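1. Fold the following for me, if possible:
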Amino acid sequence: MGVSEATPVADAGKPGLRREVGFIGLIWASEGSIIGSGWLFGAQGALSVAGPAAIISWGIGGLAILILALVHAELGGMYPVSGGTARFPHYAFGGAAGASFGWFSWLQAATVAPIEVLAMITYGTHYSWASGWEKIQGGEHVLTGAGIAVAIGLMAVITAINFLSIRLLARTNSAATWWKVGIPLLTIFVFAIATFHTSNFTAADGFNPDGAKGILSAVSTSGIIFALLGFEQADQLAGESKNPRRDIPRAVIGSIVIGIIIYVLLQIVFLAALPASQIGSHWATSAFNDLSGPFAQVATLISLGWLATILYLDAVISPAGTGLIYITGSSRVSYGLSRNGYVPSAFEKTNDRGVPWVGLITAFVIGCICFLPFPSWRSLVGLITSASVLMYAGAPLSFGVFRNRLPEAQRPYRLFGGSWMSPLAFVVANLLILWSGWTTDWKLGVAILIGYVILIANRVFKMNPITPQLDLRAAQWLPVYLVGMGLIVYLSDFGPLKHPWFPLWWDMLAVAVFSLVIYYWAMAVALPREQIQHMIDQVVLPEEEGIH
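-> A predicted model of the protein is given here:
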(Lines give C-alpha, C1' and ligand atoms only; values in the text may rest on other atoms or scores of the structure.)
Protein backbone atom coordinates (compact mmCIF):
# COMPACT_ATOMS: atom_id res chain seq x y z
CA MET A 1 0.00 0.00 0.00
CA GLY A 2 1.12 3.57 -0.68
CA VAL A 3 0.11 4.92 2.71
CA SER A 4 -0.32 3.48 6.14
CA GLU A 5 -3.72 2.38 7.34
CA ALA A 6 -3.87 5.51 9.49
CA THR A 7 -6.51 7.98 8.39
CA PRO A 8 -6.46 11.73 8.79
CA VAL A 9 -7.65 13.10 12.06
CA ALA A 10 -11.39 13.54 11.72
CA ASP A 11 -11.53 17.16 12.66
CA ALA A 12 -8.28 18.22 11.05
CA GLY A 13 -9.95 19.70 8.02
CA LYS A 14 -13.26 20.93 9.44
CA PRO A 15 -15.33 22.29 7.92
CA GLY A 16 -13.45 21.31 4.74
CA LEU A 17 -13.11 22.80 1.28
CA ARG A 18 -16.30 23.95 -0.46
CA ARG A 19 -17.22 23.31 -4.09
CA GLU A 20 -18.29 26.81 -5.08
CA VAL A 21 -16.15 27.72 -8.13
CA GLY A 22 -17.71 27.62 -11.61
CA PHE A 23 -16.08 27.54 -15.06
CA ILE A 24 -15.56 31.32 -15.27
CA GLY A 25 -13.93 31.29 -11.82
CA LEU A 26 -11.59 28.48 -12.91
CA ILE A 27 -10.53 29.90 -16.27
CA TRP A 28 -10.05 33.34 -14.73
CA ALA A 29 -8.01 31.79 -11.91
CA SER A 30 -5.63 30.43 -14.56
CA GLU A 31 -5.82 33.50 -16.82
CA GLY A 32 -5.38 35.80 -13.83
CA SER A 33 -2.16 33.96 -13.04
CA ILE A 34 -0.92 34.11 -16.65
CA ILE A 35 -1.58 37.84 -17.11
CA GLY A 36 0.42 39.25 -14.22
CA SER A 37 3.73 41.06 -13.97
CA GLY A 38 5.04 39.01 -16.90
CA TRP A 39 3.25 41.24 -19.38
CA LEU A 40 4.69 44.35 -17.77
CA PHE A 41 8.34 43.23 -18.13
CA GLY A 42 8.44 40.19 -20.47
CA ALA A 43 8.58 42.03 -23.79
CA GLN A 44 11.41 44.25 -22.57
CA GLY A 45 13.47 41.32 -21.25
CA ALA A 46 12.96 39.13 -24.31
CA LEU A 47 13.90 41.95 -26.70
CA SER A 48 17.09 42.55 -24.74
CA VAL A 49 18.15 38.88 -24.93
CA ALA A 50 17.02 37.86 -28.43
CA GLY A 51 16.40 41.12 -30.30
CA PRO A 52 13.33 41.18 -32.56
CA ALA A 53 13.66 37.39 -32.84
CA ALA A 54 12.04 37.42 -29.39
CA ILE A 55 8.79 37.00 -31.35
CA ILE A 56 10.04 33.51 -32.24
CA SER A 57 10.98 32.94 -28.59
CA TRP A 58 7.40 33.67 -27.53
CA GLY A 59 6.13 31.21 -30.10
CA ILE A 60 8.49 28.48 -28.86
CA GLY A 61 7.63 29.19 -25.23
CA GLY A 62 3.92 29.22 -25.98
CA LEU A 63 4.06 25.89 -27.83
CA ALA A 64 6.07 24.32 -25.00
CA ILE A 65 3.63 25.45 -22.33
CA LEU A 66 0.63 24.41 -24.44
CA ILE A 67 2.01 20.86 -24.71
CA LEU A 68 2.38 20.72 -20.93
CA ALA A 69 -1.09 22.24 -20.45
CA LEU A 70 -2.74 19.56 -22.59
CA VAL A 71 -1.30 16.88 -20.31
CA HIS A 72 -2.58 18.73 -17.24
CA ALA A 73 -6.03 19.03 -18.79
CA GLU A 74 -6.52 15.26 -18.88
CA LEU A 75 -5.12 14.77 -15.37
CA GLY A 76 -7.23 17.55 -13.86
CA GLY A 77 -10.41 16.12 -15.34
CA MET A 78 -9.57 12.59 -14.13
CA TYR A 79 -8.76 13.43 -10.52
CA PRO A 80 -10.20 16.79 -9.43
CA VAL A 81 -8.45 17.14 -6.08
CA SER A 82 -7.18 20.27 -4.37
CA GLY A 83 -3.53 20.95 -5.19
CA GLY A 84 -3.65 18.29 -7.90
CA THR A 85 -0.43 19.27 -9.68
CA ALA A 86 1.54 18.40 -6.56
CA ARG A 87 -0.31 15.14 -5.94
CA PHE A 88 -0.42 13.29 -9.26
CA PRO A 89 3.19 12.00 -8.93
CA HIS A 90 2.31 10.68 -5.46
CA TYR A 91 -0.36 8.39 -6.90
CA ALA A 92 1.92 7.19 -9.71
CA PHE A 93 5.23 6.73 -7.88
CA GLY A 94 4.53 6.78 -4.16
CA GLY A 95 6.02 8.71 -1.27
CA ALA A 96 9.55 9.64 -2.35
CA ALA A 97 8.58 10.98 -5.78
CA GLY A 98 5.35 12.48 -4.49
CA ALA A 99 7.12 14.39 -1.74
CA SER A 100 9.71 15.71 -4.20
CA PHE A 101 7.28 17.00 -6.81
CA GLY A 102 5.03 18.29 -4.07
CA TRP A 103 7.86 20.46 -2.81
CA PHE A 104 8.64 21.73 -6.32
CA SER A 105 5.00 22.72 -6.70
CA TRP A 106 4.77 24.50 -3.36
CA LEU A 107 8.08 26.30 -3.90
CA GLN A 108 6.84 27.66 -7.21
CA ALA A 109 3.45 28.75 -5.87
CA ALA A 110 4.79 30.40 -2.71
CA THR A 111 7.39 32.52 -4.55
CA VAL A 112 5.11 34.02 -7.19
CA ALA A 113 3.31 36.43 -4.84
CA PRO A 114 6.60 38.10 -3.78
CA ILE A 115 7.65 38.68 -7.40
CA GLU A 116 4.27 40.23 -8.17
CA VAL A 117 4.70 42.57 -5.20
CA LEU A 118 8.16 43.49 -6.52
CA ALA A 119 6.60 44.37 -9.88
CA MET A 120 4.03 46.61 -8.20
CA ILE A 121 6.74 48.46 -6.33
CA THR A 122 9.05 48.80 -9.37
CA TYR A 123 6.33 50.45 -11.45
CA GLY A 124 5.21 52.43 -8.39
CA THR A 125 8.57 54.18 -8.07
CA HIS A 126 7.45 56.32 -11.00
CA TYR A 127 5.68 58.44 -8.39
CA SER A 128 7.86 60.79 -6.35
CA TRP A 129 6.37 59.65 -3.04
CA ALA A 130 7.48 56.07 -3.79
CA SER A 131 10.88 56.82 -5.28
CA GLY A 132 12.71 55.78 -2.11
CA TRP A 133 11.35 52.25 -2.17
CA GLU A 134 13.99 51.03 -4.63
CA LYS A 135 17.54 51.84 -5.63
CA ILE A 136 19.76 50.90 -8.56
CA GLN A 137 22.28 48.22 -7.61
CA GLY A 138 24.22 46.12 -10.09
CA GLY A 139 22.07 47.42 -12.92
CA GLU A 140 18.85 46.24 -11.26
CA HIS A 141 16.08 47.94 -9.30
CA VAL A 142 16.34 46.47 -5.77
CA LEU A 143 14.34 47.14 -2.61
CA THR A 144 15.53 49.55 0.05
CA GLY A 145 14.66 49.12 3.73
CA ALA A 146 11.52 51.19 3.23
CA GLY A 147 10.71 49.14 0.13
CA ILE A 148 10.93 45.89 2.08
CA ALA A 149 8.50 47.29 4.66
CA VAL A 150 6.05 48.26 1.92
CA ALA A 151 6.47 44.84 0.28
CA ILE A 152 5.60 43.08 3.53
CA GLY A 153 2.54 45.30 3.91
CA LEU A 154 1.34 44.43 0.40
CA MET A 155 1.87 40.72 1.10
CA ALA A 156 -0.26 41.12 4.22
CA VAL A 157 -3.10 42.70 2.23
CA ILE A 158 -3.04 39.94 -0.40
CA THR A 159 -3.04 37.29 2.32
CA ALA A 160 -5.88 38.94 4.24
CA ILE A 161 -8.12 38.90 1.14
CA ASN A 162 -7.54 35.15 0.93
CA PHE A 163 -9.31 34.68 4.25
CA LEU A 164 -12.59 35.39 2.43
CA SER A 165 -14.61 32.39 1.28
CA ILE A 166 -13.46 30.77 -1.96
CA ARG A 167 -16.66 31.98 -3.67
CA LEU A 168 -15.92 35.62 -2.83
CA LEU A 169 -12.27 35.11 -3.73
CA ALA A 170 -13.21 33.69 -7.13
CA ARG A 171 -15.54 36.62 -7.77
CA THR A 172 -12.86 39.12 -6.71
CA ASN A 173 -10.31 37.48 -9.00
CA SER A 174 -12.79 37.22 -11.87
CA ALA A 175 -13.53 40.94 -11.70
CA ALA A 176 -9.81 41.77 -11.57
CA THR A 177 -9.05 39.44 -14.48
CA TRP A 178 -11.53 41.15 -16.80
CA TRP A 179 -9.46 44.29 -16.20
CA LYS A 180 -6.16 42.40 -16.45
CA VAL A 181 -7.05 40.96 -19.86
CA GLY A 182 -8.67 44.15 -21.12
CA ILE A 183 -5.70 46.48 -20.46
CA PRO A 184 -3.12 44.48 -22.46
CA LEU A 185 -5.64 44.24 -25.31
CA LEU A 186 -6.17 48.01 -25.13
CA THR A 187 -2.39 48.53 -25.15
CA ILE A 188 -1.96 46.30 -28.20
CA PHE A 189 -4.66 48.18 -30.10
CA VAL A 190 -3.49 51.69 -29.19
CA PHE A 191 0.22 51.02 -29.74
CA ALA A 192 -0.49 49.41 -33.12
CA ILE A 193 -2.44 52.40 -34.46
CA ALA A 194 -0.43 55.16 -32.74
CA THR A 195 3.02 54.23 -34.00
CA PHE A 196 4.38 51.18 -35.80
CA HIS A 197 7.99 51.45 -36.93
CA THR A 198 8.62 48.47 -39.22
CA SER A 199 12.28 49.54 -39.42
CA ASN A 200 12.69 48.54 -35.76
CA PHE A 201 12.55 44.86 -36.74
CA THR A 202 15.98 45.15 -38.38
CA ALA A 203 17.48 47.94 -36.25
CA ALA A 204 20.51 47.80 -33.91
CA ASP A 205 22.44 44.56 -34.50
CA GLY A 206 19.71 42.96 -36.60
CA PHE A 207 16.62 40.80 -36.28
CA ASN A 208 18.43 37.83 -34.71
CA PRO A 209 21.67 39.10 -33.16
CA ASP A 210 22.62 36.00 -31.15
CA GLY A 211 21.23 33.26 -33.36
CA ALA A 212 19.53 30.16 -32.00
CA LYS A 213 21.16 30.45 -28.58
CA GLY A 214 19.71 33.92 -28.06
CA ILE A 215 16.23 32.79 -29.11
CA LEU A 216 16.30 29.74 -26.82
CA SER A 217 17.89 31.58 -23.89
CA ALA A 218 15.14 34.19 -24.02
CA VAL A 219 12.51 31.48 -23.63
CA SER A 220 13.62 30.63 -20.09
CA THR A 221 15.68 33.55 -18.81
CA SER A 222 13.90 36.72 -19.92
CA GLY A 223 10.53 36.03 -18.36
CA ILE A 224 8.72 34.33 -21.29
CA ILE A 225 8.04 31.02 -19.54
CA PHE A 226 7.39 32.87 -16.30
CA ALA A 227 4.80 35.03 -18.07
CA LEU A 228 2.99 31.97 -19.42
CA LEU A 229 2.93 30.13 -16.10
CA GLY A 230 -0.34 29.76 -14.26
CA PHE A 231 -2.58 27.52 -16.35
CA GLU A 232 -2.35 24.90 -13.59
CA GLN A 233 -4.22 27.10 -11.12
CA ALA A 234 -7.49 25.53 -12.29
CA ASP A 235 -6.01 22.17 -11.26
CA GLN A 236 -5.00 23.53 -7.86
CA LEU A 237 -8.60 24.66 -7.20
CA ALA A 238 -10.12 21.40 -8.45
CA GLY A 239 -11.21 20.46 -4.92
CA GLU A 240 -13.43 23.56 -4.88
CA SER A 241 -14.88 23.33 -8.41
CA LYS A 242 -18.62 22.80 -8.91
CA ASN A 243 -18.15 20.62 -11.99
CA PRO A 244 -14.42 19.81 -12.20
CA ARG A 245 -14.60 16.98 -14.72
CA ARG A 246 -16.21 19.26 -17.30
CA ASP A 247 -14.71 22.63 -16.42
CA ILE A 248 -11.05 21.97 -15.55
CA PRO A 249 -9.87 20.75 -18.99
CA ARG A 250 -11.63 23.67 -20.70
CA ALA A 251 -10.18 26.17 -18.23
CA VAL A 252 -6.61 24.87 -18.55
CA ILE A 253 -6.55 24.82 -22.36
CA GLY A 254 -8.56 28.01 -22.85
CA SER A 255 -6.44 30.09 -20.50
CA ILE A 256 -3.11 29.22 -22.12
CA VAL A 257 -4.40 29.83 -25.68
CA ILE A 258 -5.65 33.29 -24.68
CA GLY A 259 -2.35 34.01 -22.93
CA ILE A 260 -0.17 33.00 -25.90
CA ILE A 261 -2.09 35.24 -28.31
CA ILE A 262 -1.89 38.26 -25.99
CA TYR A 263 1.84 37.92 -25.26
CA VAL A 264 2.95 37.48 -28.88
CA LEU A 265 1.00 40.59 -29.88
CA LEU A 266 2.43 42.55 -26.93
CA GLN A 267 5.99 41.72 -28.04
CA ILE A 268 5.27 42.90 -31.58
CA VAL A 269 3.73 46.24 -30.61
CA PHE A 270 6.35 46.97 -27.94
CA LEU A 271 9.13 46.49 -30.48
CA ALA A 272 7.37 48.50 -33.18
CA ALA A 273 6.52 51.40 -30.85
CA LEU A 274 10.04 52.04 -29.55
CA PRO A 275 11.33 55.50 -30.51
CA ALA A 276 14.73 55.61 -32.22
CA SER A 277 16.19 57.22 -29.08
CA GLN A 278 15.59 53.98 -27.17
CA ILE A 279 17.46 51.78 -29.67
CA GLY A 280 21.26 51.78 -29.76
CA SER A 281 23.76 49.75 -31.76
CA HIS A 282 23.04 46.58 -29.78
CA TRP A 283 19.69 45.37 -28.45
CA ALA A 284 21.29 44.11 -25.22
CA THR A 285 22.63 47.56 -24.31
CA SER A 286 19.92 49.83 -25.75
CA ALA A 287 18.33 52.55 -23.63
CA PHE A 288 14.96 50.78 -23.33
CA ASN A 289 16.62 48.24 -20.99
CA ASP A 290 16.82 50.92 -18.27
CA LEU A 291 13.08 51.64 -18.24
CA SER A 292 11.60 50.70 -14.84
CA GLY A 293 8.06 50.71 -16.26
CA PRO A 294 8.58 49.63 -19.88
CA PHE A 295 5.10 49.85 -21.40
CA ALA A 296 4.02 52.90 -19.39
CA GLN A 297 7.21 54.82 -20.14
CA VAL A 298 7.09 53.97 -23.86
CA ALA A 299 3.47 55.20 -23.86
CA THR A 300 4.70 58.50 -22.42
CA LEU A 301 7.49 58.74 -25.01
CA ILE A 302 5.03 58.36 -27.89
CA SER A 303 2.65 60.99 -26.43
CA LEU A 304 0.07 58.62 -24.97
CA GLY A 305 0.06 60.04 -21.47
CA TRP A 306 -3.52 58.92 -20.79
CA LEU A 307 -2.58 55.33 -21.57
CA ALA A 308 0.52 55.60 -19.37
CA THR A 309 -1.72 56.62 -16.46
CA ILE A 310 -3.88 53.54 -17.01
CA LEU A 311 -0.80 51.32 -17.26
CA TYR A 312 0.62 52.58 -13.97
CA LEU A 313 -2.72 51.71 -12.37
CA ASP A 314 -2.69 48.31 -14.05
CA ALA A 315 0.81 47.74 -12.65
CA VAL A 316 -0.92 47.50 -9.28
CA ILE A 317 -4.04 45.56 -10.29
CA SER A 318 -2.48 42.90 -12.57
CA PRO A 319 0.36 41.78 -10.27
CA ALA A 320 -1.92 42.00 -7.22
CA GLY A 321 -4.46 39.72 -8.89
CA THR A 322 -1.80 37.17 -9.79
CA GLY A 323 -0.25 37.31 -6.33
CA LEU A 324 -3.71 36.83 -4.86
CA ILE A 325 -4.44 33.63 -6.77
CA TYR A 326 -0.96 32.17 -6.15
CA ILE A 327 -1.27 32.69 -2.42
CA THR A 328 -4.56 30.84 -2.78
CA GLY A 329 -2.88 28.10 -4.80
CA SER A 330 0.04 27.67 -2.40
CA SER A 331 -2.32 27.13 0.54
CA ARG A 332 -4.20 24.49 -1.49
CA VAL A 333 -0.94 22.77 -2.45
CA SER A 334 0.12 22.56 1.21
CA TYR A 335 -3.39 21.26 2.02
CA GLY A 336 -2.88 18.53 -0.58
CA LEU A 337 0.62 17.72 0.69
CA SER A 338 -0.79 17.31 4.19
CA ARG A 339 -3.54 15.01 2.91
CA ASN A 340 -0.78 12.84 1.45
CA GLY A 341 1.19 12.93 4.73
CA TYR A 342 4.20 14.96 3.57
CA VAL A 343 3.80 17.99 5.84
CA PRO A 344 2.20 18.46 9.28
CA SER A 345 -1.53 17.78 9.50
CA ALA A 346 -2.05 21.35 10.71
CA PHE A 347 -2.04 22.40 7.04
CA GLU A 348 -5.41 20.67 6.61
CA LYS A 349 -7.10 22.96 9.12
CA THR A 350 -9.69 25.27 7.61
CA ASN A 351 -11.64 28.12 9.15
CA ASP A 352 -15.44 28.40 9.15
CA ARG A 353 -15.28 29.74 5.58
CA GLY A 354 -13.45 26.66 4.33
CA VAL A 355 -10.09 28.43 3.97
CA PRO A 356 -6.88 26.48 4.83
CA TRP A 357 -5.51 29.24 7.02
CA VAL A 358 -2.27 27.60 8.21
CA GLY A 359 -1.13 27.32 4.60
CA LEU A 360 -1.98 30.98 3.99
CA ILE A 361 0.06 32.20 6.94
CA THR A 362 3.01 29.99 5.97
CA ALA A 363 2.95 31.29 2.40
CA PHE A 364 2.90 34.86 3.73
CA VAL A 365 5.94 34.28 5.96
CA ILE A 366 7.98 32.52 3.26
CA GLY A 367 7.00 35.18 0.72
CA CYS A 368 8.29 37.93 3.01
CA ILE A 369 11.57 36.07 3.58
CA CYS A 370 12.09 35.96 -0.22
CA PHE A 371 12.56 39.73 -0.30
CA LEU A 372 15.93 39.40 1.43
CA PRO A 373 17.93 37.15 -0.98
CA PHE A 374 15.85 38.19 -4.02
CA PRO A 375 15.17 41.96 -3.73
CA SER A 376 14.41 42.54 -7.44
CA TRP A 377 11.99 41.18 -10.07
CA ARG A 378 14.72 39.82 -12.33
CA SER A 379 16.63 38.15 -9.49
CA LEU A 380 13.60 36.01 -8.61
CA VAL A 381 12.14 35.25 -12.03
CA GLY A 382 14.73 32.61 -12.99
CA LEU A 383 14.25 30.56 -9.83
CA ILE A 384 10.46 30.57 -10.21
CA THR A 385 10.72 29.53 -13.86
CA SER A 386 12.95 26.54 -13.14
CA ALA A 387 10.91 25.41 -10.13
CA SER A 388 7.73 25.67 -12.19
CA VAL A 389 9.10 23.65 -15.09
CA LEU A 390 10.45 20.99 -12.74
CA MET A 391 6.98 20.82 -11.15
CA TYR A 392 5.40 20.49 -14.60
CA ALA A 393 7.77 17.61 -15.44
CA GLY A 394 5.92 15.40 -12.95
CA ALA A 395 2.66 15.65 -14.92
CA PRO A 396 3.74 13.84 -18.12
CA LEU A 397 5.30 11.07 -16.02
CA SER A 398 2.07 10.65 -14.04
CA PHE A 399 0.06 10.86 -17.26
CA GLY A 400 2.02 7.98 -18.77
CA VAL A 401 1.57 5.82 -15.68
CA PHE A 402 -2.18 6.40 -15.51
CA ARG A 403 -2.57 5.62 -19.22
CA ASN A 404 -0.63 2.36 -18.75
CA ARG A 405 -1.92 1.24 -15.34
CA LEU A 406 -5.49 2.64 -15.37
CA PRO A 407 -6.59 2.58 -19.03
CA GLU A 408 -10.27 2.23 -18.12
CA ALA A 409 -10.38 5.24 -15.75
CA GLN A 410 -12.92 7.93 -16.62
CA ARG A 411 -11.32 10.70 -18.71
CA PRO A 412 -13.71 13.61 -19.39
CA TYR A 413 -10.98 15.05 -21.63
CA ARG A 414 -8.76 12.52 -23.42
CA LEU A 415 -5.60 13.91 -24.99
CA PHE A 416 -5.22 12.84 -28.61
CA GLY A 417 -1.93 11.02 -29.20
CA GLY A 418 -1.26 10.70 -25.48
CA SER A 419 1.21 7.83 -26.00
CA TRP A 420 3.65 10.16 -27.76
CA MET A 421 2.51 13.52 -26.38
CA SER A 422 3.40 12.43 -22.86
CA PRO A 423 7.12 11.68 -23.45
CA LEU A 424 7.29 14.74 -25.70
CA ALA A 425 5.97 16.91 -22.86
CA PHE A 426 8.64 15.49 -20.54
CA VAL A 427 11.37 16.29 -23.08
CA VAL A 428 9.98 19.83 -23.49
CA ALA A 429 9.99 20.43 -19.73
CA ASN A 430 13.63 19.38 -19.49
CA LEU A 431 14.65 21.54 -22.46
CA LEU A 432 13.19 24.53 -20.62
CA ILE A 433 15.33 23.63 -17.61
CA LEU A 434 18.39 23.46 -19.89
CA TRP A 435 17.66 26.86 -21.40
CA SER A 436 17.36 28.37 -17.93
CA GLY A 437 21.13 27.96 -17.59
CA TRP A 438 23.44 26.94 -14.77
CA THR A 439 23.28 30.26 -12.91
CA THR A 440 19.59 29.65 -12.22
CA ASP A 441 19.59 25.87 -11.93
CA TRP A 442 22.19 25.59 -9.17
CA LYS A 443 20.05 27.86 -6.98
CA LEU A 444 17.11 25.58 -7.64
CA GLY A 445 19.27 22.67 -6.49
CA VAL A 446 19.84 24.40 -3.15
CA ALA A 447 16.10 25.00 -2.77
CA ILE A 448 15.46 21.31 -3.48
CA LEU A 449 17.86 20.28 -0.72
CA ILE A 450 16.12 22.61 1.76
CA GLY A 451 12.82 20.98 0.84
CA TYR A 452 14.15 17.51 1.55
CA VAL A 453 15.27 18.64 5.01
CA ILE A 454 11.72 19.87 5.75
CA LEU A 455 10.07 16.71 4.42
CA ILE A 456 12.42 14.47 6.38
CA ALA A 457 11.81 16.43 9.59
CA ASN A 458 8.05 15.97 9.18
CA ARG A 459 8.51 12.24 8.90
CA VAL A 460 11.06 11.86 11.71
CA PHE A 461 9.04 13.90 14.23
CA LYS A 462 5.72 12.31 13.14
CA MET A 463 3.85 15.59 12.64
CA ASN A 464 1.24 13.89 10.45
CA PRO A 465 -0.67 10.69 11.36
CA ILE A 466 -0.40 9.54 7.74
CA THR A 467 3.02 8.03 7.05
CA PRO A 468 3.48 7.52 3.30
CA GLN A 469 5.65 4.65 2.25
CA LEU A 470 8.72 5.90 0.43
CA ASP A 471 8.28 3.36 -2.39
CA LEU A 472 11.96 3.75 -3.24
CA ARG A 473 11.79 1.18 -6.02
CA ALA A 474 9.18 3.24 -7.87
CA ALA A 475 11.29 6.39 -7.44
CA GLN A 476 14.71 4.89 -8.22
CA TRP A 477 14.95 7.06 -11.35
CA LEU A 478 14.42 10.33 -9.45
CA PRO A 479 17.94 11.00 -8.05
CA VAL A 480 19.46 9.99 -11.39
CA TYR A 481 17.10 12.43 -13.11
CA LEU A 482 17.85 15.38 -10.83
CA VAL A 483 21.62 14.89 -10.77
CA GLY A 484 21.78 13.98 -14.46
CA MET A 485 19.92 17.10 -15.55
CA GLY A 486 22.22 19.20 -13.37
CA LEU A 487 25.30 17.67 -15.00
CA ILE A 488 24.00 18.13 -18.54
CA VAL A 489 23.21 21.80 -17.87
CA TYR A 490 26.66 22.32 -16.32
CA LEU A 491 28.43 20.67 -19.27
CA SER A 492 26.25 22.35 -21.91
CA ASP A 493 26.50 25.55 -23.90
CA PHE A 494 24.17 27.05 -21.24
CA GLY A 495 26.62 26.21 -18.45
CA PRO A 496 29.67 28.02 -17.04
CA LEU A 497 32.36 26.16 -19.05
CA LYS A 498 34.30 28.10 -21.67
CA HIS A 499 34.55 24.92 -23.75
CA PRO A 500 31.36 22.94 -23.03
CA TRP A 501 31.21 19.20 -23.52
CA PHE A 502 27.86 19.59 -25.25
CA PRO A 503 27.89 22.46 -27.78
CA LEU A 504 24.63 24.10 -28.88
CA TRP A 505 22.18 21.62 -30.42
CA TRP A 506 24.17 18.65 -29.09
CA ASP A 507 23.16 19.69 -25.59
CA MET A 508 19.50 19.62 -26.62
CA LEU A 509 19.98 16.19 -28.17
CA ALA A 510 21.58 15.01 -24.93
CA VAL A 511 18.60 16.31 -22.94
CA ALA A 512 16.12 14.64 -25.29
CA VAL A 513 17.85 11.25 -25.14
CA PHE A 514 18.33 11.46 -21.37
CA SER A 515 14.69 12.48 -20.89
CA LEU A 516 13.40 9.51 -22.87
CA VAL A 517 15.58 7.12 -20.89
CA ILE A 518 14.25 8.53 -17.60
CA TYR A 519 10.65 8.53 -18.88
CA TYR A 520 10.56 4.87 -19.90
CA TRP A 521 12.53 3.86 -16.82
CA ALA A 522 9.92 5.59 -14.68
CA MET A 523 7.10 3.87 -16.59
CA ALA A 524 8.70 0.48 -15.94
CA VAL A 525 9.08 0.87 -12.17
CA ALA A 526 5.90 2.85 -11.34
CA LEU A 527 3.56 1.56 -8.67
CA PRO A 528 1.34 -1.39 -9.58
CA ARG A 529 -2.26 -0.81 -10.56
CA GLU A 530 -3.77 -2.00 -7.26
CA GLN A 531 -1.61 0.29 -5.15
CA ILE A 532 -2.36 3.32 -7.31
CA GLN A 533 -6.10 2.64 -7.15
CA HIS A 534 -5.96 2.17 -3.38
CA MET A 535 -4.35 5.59 -2.82
CA ILE A 536 -6.75 7.28 -5.20
CA ASP A 537 -9.73 5.73 -3.45
CA GLN A 538 -8.43 6.91 -0.08
CA VAL A 539 -8.03 10.55 -1.08
CA VAL A 540 -9.70 11.36 -4.40
CA LEU A 541 -13.09 9.77 -3.77
CA PRO A 542 -13.73 11.58 -0.44
CA GLU A 543 -12.76 14.90 -2.05
CA GLU A 544 -15.13 14.23 -4.95
CA GLU A 545 -18.13 14.30 -2.63
CA GLY A 546 -20.54 16.92 -3.87
CA ILE A 547 -19.61 16.51 -7.54
CA HIS A 548 -22.69 15.99 -9.67
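2. what are the ranges of the helices in the stretch 401-548 of the chain?
-> Per DSSP state H, counting those that start in this stretch, the stretch 401-548 of the chain carries helices over the ranges 418-436, 438-460, 477-491, 506-525, 529-543.
3. Ranking the ones you listed by mean neighbour count, which comes first?
-> helix 418-436 (a mean of 23; mean count of other Cβ atoms under 10 Å). All C-beta atoms are positioned from the backbone trio N, CA, C, and that covers glycine.
4. Let's test this: mean pLDDT of that helix, rounded?
-> For helix 418-436, the mean per-residue pLDDT is 92.
5. Any idea which of the helices of the stretch 401-548 of the chain gets closest to I327?
-> Among the helices of the stretch 401-548 of the chain, the nearest to I327 by Cβ to Cβ is helix 438-460 (18.8 Å).
6. What is the closest one packed up against?
-> Judged by 3 or more Cβ pairs under 8 Å, 6 or more residues apart in numbering; DSSP states H and E, helix 438-460 is in contact with helix 95-124, helix 377-405, helix 477-491.
7. Any chance of a markdown table for these, columns distance to A510?
-> Listed next are the helices and strands packed on helix 438-460 as a markdown table, based on distance: least, Cβ to Cβ, whole Å:
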| stretch | distance to A510 |
| --- | --- |
| helix 95-124 | 22 |
| helix 377-405 | 16 |
| helix 477-491 | 5 |
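8. right, so of these, which gets closest to A204?
-> helix 377-405 (20.9 Å).
9. thinking again about what came up before, pick the most deeply packed of the helices and strands packed on helix 438-460.
-> Counting by mean count of other Cβ under 10 Å, the most buried of the helices and strands packed on helix 438-460 turns out to be helix 95-124, with a mean of 27.
10. Give me the neighbour count for F364.
-> By the criterion of other Cβ atoms under 10 Å, F364 has 22 neighbours.
11. host element of it?
-> helix 357-369 (DSSP states H and E).
12. What residues of that helix count as buried?
-> Neighbour counts using 16 or more other Cβ atoms under 10 Å place 357-360, 362-364, 366-368 of helix 357-369 among the buried residues.
13. where does the stretch 51-200 of the chain have low pLDDT?
-> For the stretch 51-200 of the chain, the stretches with pLDDT under 70 are 81-86, 139, 165-175.
14. which residues in it form helices?
-> Going by DSSP H, counting those that start in this stretch, the stretch 51-200 of the chain shows helices at 54-78, 84-93, 95-124, 145-161, 166-194.
15. of all these, which lies closest to S345?
-> helix 95-124 (14.9 Å).
16. For I27, see how far away V298 is.
-> To I27, V298 is 30 Å away according to Cβ to Cβ, to the nearest Å.
17. err, F104, not the other one
-> Shown here: F104 relative to I27, a distance of 24 Å by Cβ to Cβ.
18. And for I361?
-> 28 Å.
19. who are the neighbours in contact with V316?
-> Taking Cβ atoms under 8 Å, 6 or more residues apart in numbering, we find V316 in contact with 120, 123-124.
20. Distance check, it against A218.
-> Distance, V316 to A218, using Cβ to Cβ: 27 Å.
21. now swap in S419 and tell me
-> 32 Å.
22. Run through the residues that contact the closest residue to L68 other than its chain neighbours.
-> Nearest non-adjacent residue to L68, counting by Cβ to Cβ, 6 or more residues apart in numbering: Y392, 4.9 Å away. Contacts for Y392 (Cβ under 8 Å, 6+ apart) come out as 68, 72, 85, 232, 429.
23. Next, format the residues you listed as CSV and append distance to W505.
-> Shown next, in CSV, are the contacts of Y392 (distance: Cβ to Cβ, whole Å):
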residue, distance to W505
L68, 22
H72, 29
T85, 31
E232, 30
A429, 19
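24. and of the residues you listed, the nearest to Y335?
-> For the contacts of Y392, the residue nearest Y335 by Cβ to Cβ is T85; the value is 12.7 Å.
25. In the protein, spot the helix with the most residues.
-> helix 305-339 (DSSP state H).
26. Give the buried residues for that one.
-> 307-308, 310-312, 314-315, 318-339.
27. Show me which residues of the helix or strand encompassing V257 are buried.
-> Per DSSP H and E, V257 falls inside helix 244-273. Using 16+ other Cβ under 10 Å as the test for burial, helix 244-273 gives 244-256, 258-260, 262-273.
28. now do stretch 24-39
-> Applying 16+ other Cβ under 10 Å to stretch 24-39 flags 25-39 as buried.
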